[in-house]
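1. predicted coordinates and the sequence they were generated for:
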Amino acid sequence: MPKIAEIEGTPNPNAMKFILKEPLTWGITRSYENAGQAKDDSLASTLFDIEHVTNVFYVDHWITVTQDGGADWQELTRKVAEPIRAAPAADAQSAATVAAASTAIAGLSPEDQQRLDKINTLLDEQIRPYLQGDGGDLHVLGLDGNTLSVHYQGACGTCPSSISGTLTSIGNLVKSIEPDIEVVAI
């Protein structure tokens, strides 16, 4: 059962980041934009049962909960903390989840997979740590020709700065290794 070490605000005023003493996963990102998506995840389902919760995102030692803007964070934080503390830590979860994870995107040629691997390495080094520090992340959905499709997760998913400034920065960074690429957020 993870203990909450710290609770932080994020650049998104509707999202709060809970930093945990024990990990919830072993590097596997869980991101849900609604209760339907979370139906097979007991922690996320329980969080969506709390009024005003609109997004749940977690990985390793932290979880970000986003609300609709209609709740007082002090009260909502108390309600959200209960199921987080009751969730099983990663040590109690199956290692099969880790084995099932894959960074490859189905249907890519070996050349495009190699391009994607280089892009992901760049994102891992220069973008994701900052997004994760703010309670979010970036998931690459696909590479189709010179179009890279990405999806913001957690606090970044509904943050206005991620859709404008951060996306431009990501595009400029990726162009340093792929000059003709276009990055689109989905």
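-> The structure has been received and is ready for your questions. Residues are numbered from 1 along each chain as shown.
2. toward the C-terminus, what is the element adjacent to the top helix by length along the chain?
-> When the chain is parsed with DSSP state H, its longest helix is helix 110-126. Using DSSP states H and E, the next helix or strand after helix 110-126 towards the C-terminus is helix 128-133.
3. run through who's touching that following helix.
-> 59, 62, 137-138, 152, 156, 162, 166 (C-beta atoms under 8 Å, 6 or more residues apart in numbering). No exception for glycine: its C-beta is placed from N, CA and C like everyone else's.
4. repeat the analysis, applying 7 Å as the threshold.
-> 137-138, 156 (C-beta atoms under 7 Å, 6 or more residues apart in numbering).
5. of these, which one scores lowest on pLDDT?
-> For the contacts of helix 128-133, the weakest pLDDT value sits at residue 156, with 78.
6. what's the closest non-adjacent residue to that residue?
-> residue 136 (3.0 Å; C-beta to C-beta, 6 or more residues apart in numbering).
7. state the pLDDT value of the one you found.
-> Looking at residue 136, its pLDDT reads 82.
8. who are the contact partners of it?
-> If you count contacts by C-beta under 7 Å, 6+ apart, then residue 136 has 57, 64, 152-157 around it.
9. and residue 118, how close does it get to residue 90?
-> Residue 118 is 29 Å from residue 90, where distance means C-beta to C-beta, to the nearest Å.
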